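>>> Predicted model and sequence follow; I will ask about them next.
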Amino acid sequence: MAKTKKTLPRKSTRLGKHDATRSKGEVGEVRIIGGDFRGRKLPVRQAEGLRPTSDRIRETLFNWLQFEVPGANCLDVFSGSGALGFEALSRGAANVTCLELSPQNAEQLKANRNLLKVEKLQVVQTDSLVWLSKPAEKSFDIVFLDPPFHQGLMQQSIDKLFENGYVSESTWLYLEQEKTLDWPQLPDGWQCHREKNTSQVRLGVWRFEQ
């Protein structure tokens, strides 16, 4: 009687951009793909839920916003690696405010700011939903909203952005979420200006249109 050969499941060694994470404390990197700091690589602390926006998605996004970013005041709500905030700064944003819950990630953002020798990027170590619950001192020209996946944070964040004045009718709003989800509810008049799907991600730019 012939023996059957048992095969063990193959272990994947490939790290996915949007669903896998390296062990805590391990340092990776993100690369700025355009603007004054094009090609610069910034260290990123790997942590559970940290999901840097990929080069391809950032290239698409900043092609969409190429005429809006220069001189803009930007808010990066769930900053994480800072990939979106630093990319915006590299491409001429006037100011970028990064909100980040993790103290370790916030410290890395500050270190990368010092590495690039820039002063126009503010790092706020905070719970983004708590920060957005306070009345805004000003609205922002561009808001990047890319919350951790599978935590139900998108609609809550949208509601607080609009309720507390962080978004005006001239704001450009970038949303990045799981591909399988429907877009969140936005106030009347807000339309998806551009959108795209990748294998795992749904991204879109929204603006107010009368």
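Everything's here; your move. The structure presented is a predicted model; accordingly, all values stated were derived computationally and were not measured.

>>> contacts, neighbours, all on C-alpha from now
OK.

>>> So residue 192 sits against residue 205, correct?
Yes: counting by C-alpha atoms under 8 Å, residue 205 is a contact partner of residue 192 at 5.9 Å.

>>> Looking at these two, which is more packed in?
residue 205 (21 against 16; other C-alpha atoms under 10 Å).

>>> any chance you could map the strands in the protein?
Listed in chain order, the strands of the chain (DSSP state E) span 27-31, 41-45, 73-76, 95-100, 121-125, 140-145, 167-178, 190-197, 201-208.

>>> Let's have those in TSV, adding distance to residue 112 and mean pLDDT.
Below are the strands of the chain laid out as TSV (distance: least, C-alpha to C-alpha, whole Å; pLDDT from 0 to 100):
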stretch	distance to residue 112	mean pLDDT
strand 27-31	11	85
strand 41-45	6	90
strand 73-76	15	98
strand 95-100	12	98
strand 121-125	10	98
strand 140-145	19	98
strand 167-178	23	97
strand 190-197	30	96
strand 201-208	26	97
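
>>> helices and strands around the longest helix along the chain, which ones?
Using DSSP state H, we find that the single longest helix of the chain is helix 103-116. When contacts are defined as 3 or more C-alpha pairs under 8 Å, 6 or more residues apart in numbering; DSSP states H and E, helix 103-116 sits against strand 41-45, strand 121-125.

>>> residues touching residue 56, list them.
By C-alpha atoms under 8 Å, 6 or more residues apart in numbering, residue 56 lies in contact with nothing.

>>> separation between it and residue 125?
Counting by C-alpha to C-alpha, to the nearest Å, the gap from residue 56 to residue 125 is 28 Å.

>>> re the thing from before, how about the helices and strands packed on helix 103-116 in JSON lines, adding distance to residue 99?
Compiled in JSON lines, the helices and strands packed on helix 103-116 are given as follows (distance: least, C-alpha to C-alpha, whole Å):
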{"stretch": "strand 41-45", "distance to residue 99": "16"}
{"stretch": "strand 121-125", "distance to residue 99": "5"}
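
>>> Make a markdown table out of those and add mean neighbour count.
Output for the helices and strands packed on helix 103-116, formatted as a markdown table (neighbours: other C-alpha atoms under 10 Å):
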| stretch | mean neighbour count |
| --- | --- |
| strand 41-45 | 19 |
| strand 121-125 | 20 |
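
>>> Against residue 137, how distant is the residue nearest in space to the middle of the chain?
The residue lying closest to the centre of the chain (C-alpha atoms, centre = their mean) is residue 146, at 4.2 Å. Residue 146 is 22 Å from residue 137, where distance means C-alpha to C-alpha.

>>> go on, residue 38?
Using C-alpha to C-alpha, residue 38 is found at 32 Å from residue 137.

>>> neighbour count winner among these two?
The residue with more neighbours, out of residue 38 and residue 137, is residue 38; 13 against 9, by other C-alpha under 10 Å.

>>> No more questions from me, cheers.
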